[in-house]
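Trainee: Got a sequence here, can you build the structure:
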Amino acid sequence: LAVGAPDTTGRVIVYTRIGDGGDFSSPENYQADTSVVGTNSQFGASVALSPSGDFLFVGAPNAANLRTRYKGNILSGTSYSAGEIVNDRGTLWRAKVDVDGSDVSTINKMSQDWERANLIEVDPDGSLTGSILGAVCVYKKEDVGNEYELVTTILSPEPVPDDNFGRMVKCRKDIDGVLRLYIASNEAEGRIYFFDNDTTDGSWKYSRDDNYRGTFNPTENYIKGEIVWYNSTGGADGNRHLWRANKDLPAQSFNETNWELLDQYVDHKGYIPPQDELLNDESDNLGVAGGQKIATSFDVSVDGEVLVVNGEDTLNTNVVSVYRRVNNRYAYYETIETTNLAQEFGSEVAVSANGNAIAINAIRNDDTGTNNGAVFVYRYTGNEYSLNQTLYPPTGEPGELFGISLNFSEENLIIASANGSRFLPTLFDQTIIRSNDTSFDKNTTKFFNKFPNAGTVYIFQNFNNNYLYAEELDWNYDTKNSSTPILLTNAN
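Mentor: Okay, the predicted model is just below:
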């Protein structure tokens, strides 16, 4: 179990246990390495473990003054040293040799001067880049013992100022056994980037399609199999599609006979939502693409088949977009929205382990009282997600903000409320070892202390595809230093 503490220096505490029934113990502390992520990096603002616990990922969204070999967008006439990385229309390239700016250097997968770069990472031999903000530190568990070692620090593939890359991090293993890392950033109103772990050498790679070349450019040469985005009629409502070259093409105007129309609208870019270069079936009216405040919350099913992300559409309405895997990439599937615009719909989302249920909060829902809150559960019906249940706080405390945090386990839906009151039994004995507590009327009469607005965690159990209230989580409550409970996840 990993817990982040993103204070001034930043740290992560990792607890381990033996067996499912054992106690968590032997905590290991991992401090932010200021030589890597700088000071005040918010190291620990987001934390994730791989399903097996072999990898630990720590987000540092305020990391700055990072050393890297990245040189920005490639510039014609500029010289580059071997090992330096550039961006060409969204694809990362590394110079294989020193490249003289006076030479004509072709940058494509047949080039002798350039090769694809897996990602941008912190490099102690690189240059300081003040424009990059945010990083994710990747730790790997050592072969012996429970300690983790820092192996790389990943930066945004398309760095921009105020990116806050790493503000949310999740990790899943897909049905093919490949580990995938999901990292949220603020770029372009919000994105989720994908990184895959190479099963052969264990390295991490930005999951952008190696054949994707961005918007079609009539002055460029294209190699058979490369993919472009092309708007054949122009304008925001134009005929926008992805095309694959069916042969090697010299620079020329677009001719449909030289290209194959792709019928799957997927994340060839290595992130969602597409925002720019929108396709006909991913227009601004169909979800968070083109909107704002995207991916302040997102979740992924255990096998990575379903990805759910919140945001605001172009009308500033809170919506939740659903993506499903198609040919190992994410395709836009549908959008879930509400007609009640005042209930703060979708500030938190969660998806069940098998991807068949989606929980969406509405903390200012007034159905049972002002700001009591509600959680809507949508279930997959074979072709879409339909509303199956509306859950309300079992106690109905006024202004409870039920649903402030959500999470699924294998069979349960766990829901936190910000202002739920806690009722704890009053103990009349001061002994440390509780073996003979005072009781009344053979323990049929009990006295409770009420702690108003302490925050409550409710557990709803899945029964025949419906979630029924089961119990309230019993957790140690500090009456002097309390705060809203936030639901955490651990490996497995």
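Trainee: For burial, what's the neighbour tally of L387?
Mentor: L387 has 13 neighbours, counted by other CB atoms under 10 Å. Any C-beta I mention is one placed from the backbone N, CA and C, and that applies to glycine too.
Trainee: Dump the strand or helix carrying it to PDB, restricted to CA.
Mentor: Element membership for L387 (DSSP states H and E) is strand 385-391. The C-alpha trace of strand 385-391 is given here as PDB (Å, rounded to 0.1, in the frame of the first residue of the first chain):
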ATOM      1  CA  TYR A 385     -24.200   2.300 -20.400                       C
ATOM      2  CA  SER A 386     -27.700   2.900 -18.900                       C
ATOM      3  CA  LEU A 387     -28.600   4.300 -15.500                       C
ATOM      4  CA  ASN A 388     -29.200   1.300 -13.200                       C
ATOM      5  CA  GLN A 389     -29.300   2.800  -9.700                       C
ATOM      6  CA  THR A 390     -29.200   6.100  -7.800                       C
ATOM      7  CA  LEU A 391     -27.600   5.700  -4.400                       C
END
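Trainee: for it, which positions count as buried?
Mentor: By neighbour count on 16 or more other CB atoms under 10 Å, the buried set for strand 385-391 is Y385, N388, Q389, L391.
Trainee: secondary structure element for the closest residue to F298 other than its chain neighbours?
Mentor: Nearest residue to F298 in three dimensions, chain neighbours excluded: V309, at 4.2 Å (CB to CB, 6 or more residues apart in numbering). Using DSSP H and E, V309 maps to strand 306-312.
Trainee: picking up where we left off before, and the strand holding L387, which strands flank it?
Mentor: Its sheet considered, strand 385-391 pairs with strand 374-380 (antiparallel) by DSSP bridges.
Trainee: what about the closest residue to A359 other than its chain neighbours, neighbour count?
Mentor: In this structure, A359 finds its nearest non-sequential neighbour in A350, 4.6 Å apart by CB to CB, 6+ apart. Residues near A350, counting by other CB under 10 Å, number 24.
Trainee: who are the neighbours of the host helix or strand of A350, in terms of helices and strands?
Mentor: Per DSSP H and E, A350 falls inside strand 345-351. The contact analysis (3 or more CB pairs under 8 Å, 6 or more residues apart in numbering; DSSP states H and E) places strand 345-351 against strand 298-300, strand 306-312, strand 318-326, strand 357-362, strand 402-408.
Trainee: Touching that strand from outside, list them.
Mentor: If you take CB atoms under 8 Å, 6 or more residues apart in numbering as the criterion, strand 345-351 is touched by 296-301, 306-310, 318-320, 336-338, 357-363, 376, 403-408, 413.
Trainee: I'd like the average pLDDT over it.
Mentor: What strand 345-351 shows for mean pLDDT is 95.
Trainee: Adjacent strands (with direction) for it?
Mentor: Here strand 345-351 is paired, per DSSP bridges, with strand 357-362 (antiparallel).
Trainee: Mind listing residues that contact the partner strand?
Mentor: Residues contacting strand 357-362 (CB under 8 Å, 6+ apart): 306, 308, 310, 320, 322, 336, 338, 340, 343-352, 373-380, 385, 388, 402-404, 406, 408, 413, 415, 465.
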